[in-house]
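> sharing a model prediction with you, sequence too.
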Amino acid sequence: MHGFMLKVICNGELSMYQRLCGLFLLFGLIFGACARGDTEIRPAEIHYGQDACTECNMIISDPRFAASYAYELSEGRYATIAFDDIGDMLMHAQKHPEHKIAGWYVHDYQSKEWLDATQAFYVFAAEIRSPMGHGIAAHTTREAAQSMATTMNGEVLTWSALKAR
């Protein structure tokens, strides 16, 4: 395809404007293919009700439990993947030790805003009905987590305690 484009661009049948547009398109294709990944470490952009969980392939529909991590593809380039359940994210990471994880993300159960997963507080309880049944909910504050844990007969965990579990 690139050879065809070069032939069309260089044989003089196109206007100067069309040649320049063709060259920009060609360079865009070449550089786009070389520069995989994003330069920013951030959570995945999830389209609820449409995007599938990387681990279980179920549609992600409840932002209260959605999670994501960013991993390094190459120096300065990152890919993000999305999960429907915090437990699925942890399982997937365990299955893929080759992923050099640069950022972990979860949603606050109440506000549904992204949080740095390493700074969140977690409630682990059988009564929490998360999408894949892992029973984990994330909170911005220890107080919010403790309140839910009391209501749901669960326990409050830090990131390191959750990962160890």
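Arrived safely.
> excluding chain neighbours, what is closest to Met91?
Of all residues not flanking Met91 in the chain, Glu55 sits nearest, at 5.9 Å (C-beta to C-beta, 6 or more residues apart in numbering). In short, each C-beta sits where N, CA and C put it, glycine included.
> tell me who's in contact with the one you found.
Residues touching Glu55, when contacts are defined by C-beta atoms under 8 Å, 6 or more residues apart in numbering, comprise 83, 85, 88-89, 91-92.
> any regions of this structure where pLDDT drops low?
Within the chain, the stretches with pLDDT under 70 are 1-36.
> please enumerate the strands of it.
Counting by DSSP state E, the chain has strands at residues 67-74, 77-83, 100-107, 114-116, 121-124, 136-139, 155-157.
> Serialize those strands to CSV and add fields for distance to His47 and mean neighbour count.
As requested, the strands of the chain are arranged in CSV below (distance: least, C-beta to C-beta, whole Å; neighbours: other C-beta atoms under 10 Å):
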stretch, distance to His47, mean neighbour count
strand 67-74, 13, 20
strand 77-83, 9, 20
strand 100-107, 15, 20
strand 114-116, 15, 17
strand 121-124, 25, 24
strand 136-139, 21, 26
strand 155-157, 30, 18
